[in-house]
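Q: mind folding the following:
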Amino acid sequence: MKKKCMKRIRTQEFNEQNSDSENQNQSNKSDYVENIQKKLIESYEDQIVQLKTQINDYNNQTNSFLNNDALIKELALKITQLEKKDRKIIDVDRKSTNWSCLFH
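A: Residues are numbered from 1 along each chain as shown. I've put the predicted structure just below:
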């Protein structure tokens with residue numbers, strides 16, 4: 001009877017030790033998993049910041065292209081207006097030389 005009791009006690013102690021070591025392993029695993037999760041989250045946050053920066057850069061470039069397009073259109077309009085004024089000046093100059101020829 002004593003042998004059986006001693007055997008039970010040893011078995012219980014062994015099981016408790018195993019249980020403790022399993023809990024320790026699970027705790028270590030959960031710490032490991034937590035560390036990996038933290039690293040992944042940090043990595044994803046960095047990638048999000050980089051993507052936001054790229055989006056801002058793209059939007060700025062797009063706005064710049066739109067502004068350049070507007071400037072080109074405005075310059076083309078001014079050039080057209082200058083050409084019209086130049087033609088008017090040439091026409092007035094021709095008319096004035098024609099009139100001056102008549103008076104000489």
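Q: number of nearby residues for Gln47?
A: Applying other C-beta atoms under 10 Å, we find 10 residues neighbouring Gln47. All C-beta atoms are positioned from the backbone trio N, CA, C, and that covers glycine.
Q: what's the pLDDT at it?
A: Gln47 is assigned 93 on the pLDDT scale.
Q: for it, pull up the helix or strand it's in.
A: Following DSSP states H and E, one finds Gln47 within helix 2-103.
Q: now do Asp93 against Val33, distance only.
A: Note on Asp93: its distance to Val33, by C-beta to C-beta, to the nearest Å, is 88 Å.
Q: hmm, I typed the wrong one, I wanted Asn63.
A: From Asn63 over to Val33 the distance is 44 Å, taken as C-beta to C-beta.
Q: same deal with Asp46?
A: Taking C-beta to C-beta, one finds Asp46 at 20 Å from Val33.
Q: now do Gln12
A: 31 Å.
Q: same check on Leu66?
A: Note on Leu66: its distance to Val33, by C-beta to C-beta, is 48 Å.
Q: and if you look at Thr80?
A: Thr80 is 69 Å from Val33, by C-beta to C-beta.
Q: so for Phe14, what's the pLDDT?
A: pLDDT, read off for Phe14, is 67.
Q: check Ile9 too.
A: With respect to pLDDT, Ile9 scores 65.
Q: likewise Val92?
A: 80.
Q: now do the contacts for it.
A: Applying C-beta atoms under 8 Å, 6 or more residues apart in numbering, we find Val92 in contact with no residue.
Q: please apply the same query to Asp91.
A: Contacts of Asp91 (C-beta under 8 Å, 6+ apart): none.
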